[in-house]
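S.K.: Here is a sequence with its predicted model. Questions after.
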Protein chains: 2
Amino acid sequence: MITFLIKGNRAVTTPNFSLKDLPGSGGRIDVLCRCLTSALLLSHDIRRNVEVILCLEGPPNEPVSIRVMGRGVKHLCPDERSTAILFQKALKAVKKGEEVESTPGIFVSNTSFLQWLEKLWERVIVLDEKGETLTAIPVKEPCFVIGDHLGFSENEEKILSKANNKVNVSPKTLHASHCIVLILNKIDEMNAC
Amino acid sequence: MITFLIKGNRAVTTPNFSLKDLPGSGGRIDVLCRCLTSALLLSHDIRRNVEVILCLEGPPNEPVSIRVMGRGVKHLCPDERSTAILFQKALKAVKKGEEVESTPGIFVSNTSFLQWLEKLWERVIVLDEKGETLTAIPVKEPCFVIGDHLGFSENEEKILSKANNKVNVSPKTLHASHCIVLILNKIDEMNAC
């Protein structure tokens, strides 16, 4: 299994955001839509060995995390709006202290980014512009940790700096969803050899 | 300059598509939105050396092409809906026999995919699953030709089969916008060496 743990610093934690303005009313929840589809969708297929954990840490009910399993997810289309509708359904289904399956393959809980990080620490590979070029996957079941356009807090940076594995995928600074495409391609190429 | 020539087989050629249903009412115009942003947007920057030509070949006024210059484009945001609004403005501005600048850096005309192909033939590199792995750029100013989810017509395939350069970027079959991310990363890596 390949996991992507992604932080949405201002992604709203209410279903009442406007589908007409995902970037503004959703606190850049559009970034998370694109990360999800980049991680799970092939042309006419789904990556069943990939799991995506989106950490929504914006107001008013933070933290919320939406975990999507490639194996099992249904109704996931490539466009942003339909993905955002799946997020609204997940945000409507949140139950304190419980992980709930809001639609097939999509699970929602109040787990925070830092709680996921602690839970997955042994598998963590941090995406870092100063990291080494990704040429091999140093752990069996990697969990790639990626920030949105705002990156990480000072405290999170401090914790992430202690990770054993930090990798870089591009000489340029790219959008999170584009980094995901590059990481998966590296893994595809390794598996094809 | 790097050019991407992309065919939208059913992308509608009227501004009267619904922003609530880009895939359906827009004839998968969402695919073209993602191709454009994948080609032009870096995190907090724009690729000024990239040009994108989107060929809309769906009803009712086909063909229409929307050409976007990284050097000069304004109001381009990462989300699909705002990109689709720029397309609506372009489709409203179409003038027969003329290329019109609908918003800064975005040009619209009635040029067809095959006309662009002829015009750019010397620079053409076809994305083809059976092509060679992209390890070097064989022409100075490459024009990458990419199909949407429906690929190309029989006649187009016949013409494209005669291209000197056919490349492959992934062992998997990917979405067009993801292929663009991989191509640009290859070029970034070559330039960084």
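M.R.: Noted; the coordinates are in hand.
S.K.: any idea how far A:Val100 is from A:Val145?
M.R.: 24 Å (Cβ to Cβ, to the nearest Å). Bear in mind the C-beta positions are built from the backbone N, C-alpha and C, glycine included.
S.K.: Those two: who's more crowded?
M.R.: Set A:Val145 next to A:Val100 and count neighbours by other Cβ atoms under 10 Å in any protein chain shown: A:Val145 wins out with 27 against 12.
S.K.: Quick check: that one touching A:Glu118?
M.R.: No. Using Cβ atoms under 8 Å, A:Val145 is not in contact with A:Glu118, being 12.0 Å away.
S.K.: Next, the angle helix B:176-192 makes with the helix ranked longest in chain A.
M.R.: Counting by DSSP state H, the longest helix found in chain A is helix A:176-192. Angle between the axes of helix A:176-192 and helix B:176-192 is 80 degrees (criterion: axes from the mean of the first three to the mean of the last three Cα atoms, to 10 degrees).
S.K.: Show me what helix A:176-192 is packed up against.
M.R.: The helices and strands touching helix A:176-192, judged by 3 or more Cβ pairs under 8 Å, 6 or more residues apart in numbering or on different chains; DSSP states H and E, are strand A:2-8, helix A:29-40, strand A:143-147, helix B:176-192.
S.K.: For B:Thr14, which of these is the nearest?
M.R.: helix B:176-192 (22.2 Å; Cβ to Cβ).
S.K.: and the closest one, which residues are buried?
M.R.: Neighbour-count burial for helix B:176-192, with 16 or more other Cβ atoms under 10 Å in any protein chain shown as criterion, is recorded at B:Ala176, B:Ser177, B:His178, B:Cys179, B:Ile180, B:Val181, B:Leu182, B:Ile183, B:Leu184, B:Asn185, B:Lys186, B:Ile187.
S.K.: burial count for the nearest residue to the fifth one once chain neighbours are set aside?
M.R.: Meaning B:Ile180. Counting by Cβ to Cβ, 6 or more residues apart in numbering or on different chains, B:Ile180 lies nearest to B:Ser38, which is 4.4 Å off, once chain neighbours are set aside. B:Ser38: 28 surrounding residues under other Cβ under 10 Å.
S.K.: mind checking how far the top strand by length along chain A is from the chain centre?
M.R.: In chain A, with assignment by DSSP state E, the single longest strand is strand A:124-133. What separates the centre of strand A:124-133 from the centre of its chain is 16 Å, taken as Cα atoms, centre = their mean, to the nearest Å.
S.K.: That one near chain B anywhere?
M.R.: No. Shown here: strand A:124-133 not in contact with chain B (Cβ under 8 Å from any Cβ of the partner chain), separated by at least 9.0 Å.
S.K.: which neighbours does that strand have in its sheet, and in what orientation?
M.R.: strand A:143-147 (parallel), strand A:165-168 (parallel) (DSSP bridges).
S.K.: Report the contact partners of A:Ala163.
M.R.: A:Trp121, A:Val124, A:Ile125, A:Val126, A:Val145 (Cβ atoms under 8 Å, 6 or more residues apart in numbering or on different chains).
S.K.: wait, is it part of a strand?
M.R.: No. Under DSSP: H, G, I helix; E, B strand; the rest coil, A:Ala163 falls outside any strand and is assigned coil.
S.K.: A:Ser65 versus that one, what's the distance?
M.R.: Counting by Cβ to Cβ, the gap from A:Ala163 to A:Ser65 is 19 Å.
S.K.: try A:Ile6
M.R.: Relative to A:Ser65, and taking Cβ to Cβ, A:Ile6 is found at 10 Å.
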